[in-house]
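In: below is the sequence, then the predicted model.
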Amino acid sequence: MRTERLDLRVYRHGMYHETWQLRDVDGNPLDITGCTMQLYFRAAAGQGPTLLTSTFDIYGPAYGLFTVTFDGAFPGVPGQSEVVRIAYDLRLTYSNGVRVVPVAGQLSIIPGVSY
């Protein structure tokens, strides 16, 4: 499986709530039935502690459809008044133990005026 790059933006102290659909290399929906999903956010790719957890609402597993929700507060990340970029990836674990990372990228935390 190829890892697709998807860069995200969230306002600090805002909520990220988006529907995602995973597809295979041919563009067909990826069946995620029975998978567990984890979204990791780290200060640098592959290094340091996980900075945040997220929730998933998988509503179309045969079609790779789910909603990702997380809070953009990031209390342990400095730079409250500047754009801060951190690494993230989505890991799927299938029921047979196989782990894949179908999506990874950079999350930009944007200072919010209203927050």
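Out: Looks like it arrived, so ask away.

In: so what sits opposite Phe41 in the bridge?
Out: Per DSSP bridges, the residues bridged to Phe41 are Tyr88.

In: tell me which residues are up against stretch 72-90.
Out: 3, 8, 10-16, 37-46, 51-52, 101-111 (CB atoms under 8 Å, 6 or more residues apart in numbering). C-beta: built from backbone N, CA, C; applies to glycine.

In: chain center to it, what's the gap?
Out: Here the centre of stretch 72-90 is set off from its chain's centre by 13 Å, with CA atoms, centre = their mean, to the nearest Å.

In: okay, buried residues for that stretch please.
Out: Gly72, Phe74, Val77, Val84, Ile86, Ala87, Tyr88, Asp89, Leu90 (16 or more other CB atoms under 10 Å).

In: partners of the biggest strand by length in the chain in the sheet?
Out: When the chain is parsed with DSSP state E, its longest strand is strand 99-110. Here strand 99-110 is paired, per DSSP bridges, with strand 4-5 (parallel), strand 8-11 (parallel), strand 84-93 (antiparallel).

In: count the neighbours of His17 for me.
Out: Residues within reach of His17, counting by other CB atoms under 10 Å, total 12.

In: that one: which element?
Out: For His17, the enclosing helix or strand under DSSP states H and E is strand 15-21.

In: now do the contacts for the spatially most central residue of the chain.
Out: Central residue of the chain (CA atoms, centre = their mean): Leu39, 4.6 Å from the mean position. When contacts are counted by CB under 8 Å, 6+ apart, Leu39 is found next to Thr53, Ser54, Phe56, Val68, Phe70, Tyr88, Asp89, Leu90, Arg91.

In: what is the nearest of the residues you listed to Arg23?
Out: Using CB to CB, Leu90 comes nearest to Arg23 of the contacts of Leu39, at 13.2 Å.

In: per-residue pLDDT, that closest one?
Out: pLDDT, Leu90: 95.

In: and it, how far from Val10?
Out: Distance, Leu90 to Val10, using CB to CB, to the nearest Å: 15 Å.

In: re earlier: closest one to Gly64 among the strands paired with strand 99-110?
Out: Closest among these, using CB to CB: strand 84-93, at 9.9 Å.
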